[in-house]
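1. Curious how this folds, go ahead:
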Amino acid sequence: MPMAGDFPSLLAARKLTPWPASAESAPVQTQATTVFAFHFAEGVLMAGDRRATAGNIIVTDRVEKVIEIDATSLLAIAGVPATAFEMARVMQTSFEYYRRSQLQALSLPAKVRALARLLRENLPLTMQGVGVVAPLFAGLDQTVSPAQPRVYFYDPLGAQFQTVDYVASGSGSGTIRSILSFQERYGHPKPSEMKLGEAVKFALRLLMVASEFDSATGGVNPAARSFATLKVLRASGVESISDERQEEYLK
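-> As a prediction, the model looks like this:
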């Protein structure tokens, strides 16, 4: 006999379900992959391809997956862009409001927790398989001198972890992590020792290789004017690497 107030039993009695009855009734999701970040000699380089897919359809190759949240922090998105872009807008607004109201910037730990809270609030959509986001976050730790960039990665439920050398997320991340691991152990130079030009060229080649093994990852094709989104975080702040500069570094 169902207990009074037993919500699952009440739904069952009315022949209702809290989840979509079938995948056919759910909208086709747009997915964004692949993003990664690694430490190089001058700071942190965060990169992402520009492809978004819906099932087996390529929706666009012009998505900007690395977003400047404020002057000292970056967000890279993998998952559902609609959810991730809304999270980025909330973070941009809240960080700026705090800066203006308190006359100082939010601390890095507070920024890290703010993104974790947004992911936890997205839990209902995550549990239904819609709105899943697995982002990367880079911020400037100003408690040390000189200030040092830090990189964090999150699971879809909001748990955050700091990475020492490199991290990747999205469908092409397996290939990219493997190459980064090999290069950090045996490469000359290691990613952490690369200058800016070497780091940019390395990042572009990572996406080229990942796109050969994952159809959802957009590659880099200078002949088609197809490049990546690359941003650098240093102690001095954020810098974007334009398509023209990417083309020069590849040459």
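
2. where's N122 relative to Q102, distance?
-> Computed as CB to CB, to the nearest Å, the N122 to Q102 distance reads 26 Å. For glycine as for every other residue, the C-beta is placed from the backbone atoms N, C-alpha and C.

3. Looking at the two, which is more packed in?
-> Each of N122 and Q102 has its neighbours counted (other CB atoms under 10 Å); N122 has more, 22 against 9.

4. And the residue lying closest to the more buried one once chain neighbours are set aside, which helix or strand is it part of?
-> Using CB to CB, 6 or more residues apart in numbering and skipping the chain neighbours, the partner closest in space to N122 is G131 (5.8 Å). Counting by DSSP states H and E, no helix or strand carries G131.

5. how deep is G131 tucked in, by neighbour count?
-> 19.

6. thought it was touching F85?
-> No: counting by CB atoms under 8 Å, F85 is not a contact partner of G131; they are 11.5 Å apart.

7. Which residues does the closest residue to V164 other than its chain neighbours form beta bridges with?
-> If you skip the residues right next to it in sequence, V164 has H39 as its closest partner in space, 7.8 Å away by CB to CB, 6+ apart. Beta-bridge partners for H39, by DSSP bridges, are V44.

8. what about H39, how many neighbours?
-> 25.

9. do the same with K251
-> 7.

10. Equivalent analysis for P124, please.
-> 10.

11. what do you get for the one 4 residues further on?
-> Neighbours of Q128 under the rule other CB under 10 Å: 13.

12. just A82 next, same as before
-> Neighbours of A82 (other CB under 10 Å): 13.

13. Below-threshold pLDDT in the protein: ranges please.
-> Residue ranges of the chain with pLDDT under 70: 1-8, 10-11, 16-28.
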